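Asks: Sequence first, then the predicted structure, then my questions.
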Amino acid sequence: MRELNVSLLIELVRSAGSTSRAELARQSQLSAPTVGTIVDHLIERGILVEVALAPSNGGRPPVLLSIDATAGYVIGIKLRGDGLTTVICDLEAKVVATREFPVSLVGDPDGAMHAILSEVRGVLRDAKVPRSKALGLGIGMSGVIDSNAGVCVSSHLLQWHNVEIESKLRRLLRLPVWIDNDVNTLAVAEKWSGDARGARHFVTLSIGRGIGLGIVIDRALYRGAFGSSGEFGHIIVEPGGPICECGRSGCLEAVVGEDTMRREIGEGLGRTISRSEMISLMNAGDSVTCGIVEAAGQKLGISVANIMTLLNPEMLIICGEGTELGSTFLDPIIRSVREQTFASLGLKIEVKIQRWGDEAWAVGAATLVLRESFSLPGSDTRSLAIWHRRGQ
Ligand SMILES: [Zn+2]
């Protein structure tokens, strides 16, 4: 509860630019003493600063608060099968420097550790940020991640199993490290500085190599008991259907994924086709291609609508490279959300399409650290480390 209050106050200051303690208490509906305690901690921590006085309306003019965005920096990394994207951001999540490192990480966690170390040093150098100002590193990757233990339990994409990432990197970097599923990091970023800033309950649907959900309930990310919530691509929609990467058959992503669409289109043409060929055929209005893409959108849309009925979020954010397939693919999904849920009862779900690149995914990973650095120190040793880091 305390952590949520801290991030709520930070969000209010960020969105206002500058504001008073009284205004924070009014907007957050927290008591004045609670607001006072949190604000004092944040000032001590260097995150909030007291700035100019507001124009007086006769009484004592209140002191305004704003965020010192350069009080610290956070590093975020998006791990892919074919490389990593690294960013360093200030406390407003504004990107100061970005690096790209193409390298195959499939089946090679040790190689990934080395790449991460050199990229973290590189991005600090590029941004000319002293190490003492780096608050921590966040890593987003695909797969089942135990974010409490800092372990990648299993990633089909990277072919990693039970890789201890956090402890190893923390030792080598001497920085607090957080890892999470990349769809979750994206949901955190949406909450932090994206479309979902004001939303209490929302879902991000990521359509790419895999299909995943980031689920935010009552402003908190829902990870499940073992960290594998939101593995939406692996719900079974066609028992006995096509074999999935996870080894089972009939999973949603095996039925509606791009590889399946390309195979179906290729069968008609008697050859294999690339992703860009599929997109050009679709843009040229080829009826067979459009029909296959639309049918996949319809099947996916029904599953998405079922999730909307189950969770009743106020907002759905669709992202990932699947959005490049455009309205032929996306319209049937949006239509399902409108027609196959209780939308007809006036329970409107806002749908947003977000065309995010790799950099934004890395920013999502960096916001994991932001969230922690804006929390009051808890029992977690990593959150204590970040809190005291500025005193080093
Ligand atoms: Zn599967």
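Replies: Done, it's in.
Asks: Which stretches in this protein count as helices?
Replies: With DSSP state H, the ranges of helices along the chain come out as 2-16, 21-28, 32-44, 109-127, 166-173, 182-193, 252-256, 258-269, 275-283, 287-311, 326-339, 358-373, 381-388.
Asks: hmm, who's touching the fifth one?
Replies: Right, helix 166-173. 113, 116-117, 120, 137, 139, 149-151, 175-179, 382 (C-beta atoms under 8 Å, 6 or more residues apart in numbering). For every residue, glycine as well, the C-beta is placed using N, CA and C.
Asks: related to what we said a few turns ago, between the helices of the chain, which one is closest to the ion.
Replies: Across the helices of the chain, the ion has its closest neighbour in helix 252-256 (6.1 Å, C-beta to the ion).
Asks: So which elements touch the closest one?
Replies: strand 211-217, helix 287-311 (3 or more C-beta pairs under 8 Å, 6 or more residues apart in numbering; DSSP states H and E).
Asks: right, is the shortest one up against the ion?
Replies: No - judged by C-beta under 5 Å from the ion, strand 211-217 makes no contact with the ion; its nearest approach is 9.6 Å.
Asks: Please name the residues that touch residue 195.
Replies: Going by C-beta under 8 Å, 6+ apart, residue 195 touches 315, 317, 352, 354.
Asks: Relative to the ion, which of the residues you listed is nearest.
Replies: Proximity to the ion was ranked across the contacts of residue 195 by C-beta to the ion; first place goes to residue 317, at 22.9 Å.
Asks: What pLDDT is listed against the residue found closest to residue 28 once you drop the neighbours it is linked to in the chain?
Replies: With C-beta to C-beta, 6 or more residues apart in numbering as the measure, residue 8 is the residue that lies nearest to residue 28, at 5.5 Å, once sequence neighbours are left out. In this prediction, residue 8 carries a pLDDT score of 78.
Asks: on that earlier part again, for the helices of the chain, give me JSON lines that also has distance to the ion and mean neighbour count.
Replies: Shown next, in JSON lines, are the helices of the chain (distance: least, C-beta to the ion, whole Å; neighbours: other C-beta atoms under 10 Å):
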{"stretch": "helix 2-16", "distance to the ion": "34", "mean neighbour count": "17"}
{"stretch": "helix 21-28", "distance to the ion": "42", "mean neighbour count": "17"}
{"stretch": "helix 32-44", "distance to the ion": "43", "mean neighbour count": "16"}
{"stretch": "helix 109-127", "distance to the ion": "22", "mean neighbour count": "17"}
{"stretch": "helix 166-173", "distance to the ion": "26", "mean neighbour count": "17"}
{"stretch": "helix 182-193", "distance to the ion": "15", "mean neighbour count": "27"}
{"stretch": "helix 252-256", "distance to the ion": "6", "mean neighbour count": "24"}
{"stretch": "helix 258-269", "distance to the ion": "12", "mean neighbour count": "16"}
{"stretch": "helix 275-283", "distance to the ion": "20", "mean neighbour count": "16"}
{"stretch": "helix 287-311", "distance to the ion": "13", "mean neighbour count": "19"}
{"stretch": "helix 326-339", "distance to the ion": "20", "mean neighbour count": "18"}
{"stretch": "helix 358-373", "distance to the ion": "22", "mean neighbour count": "26"}
{"stretch": "helix 381-388", "distance to the ion": "32", "mean neighbour count": "17"}
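Asks: hey, least reliable of these by pLDDT?
Replies: Among these, helix 381-388 carries the lowest mean pLDDT, a mean of 55.
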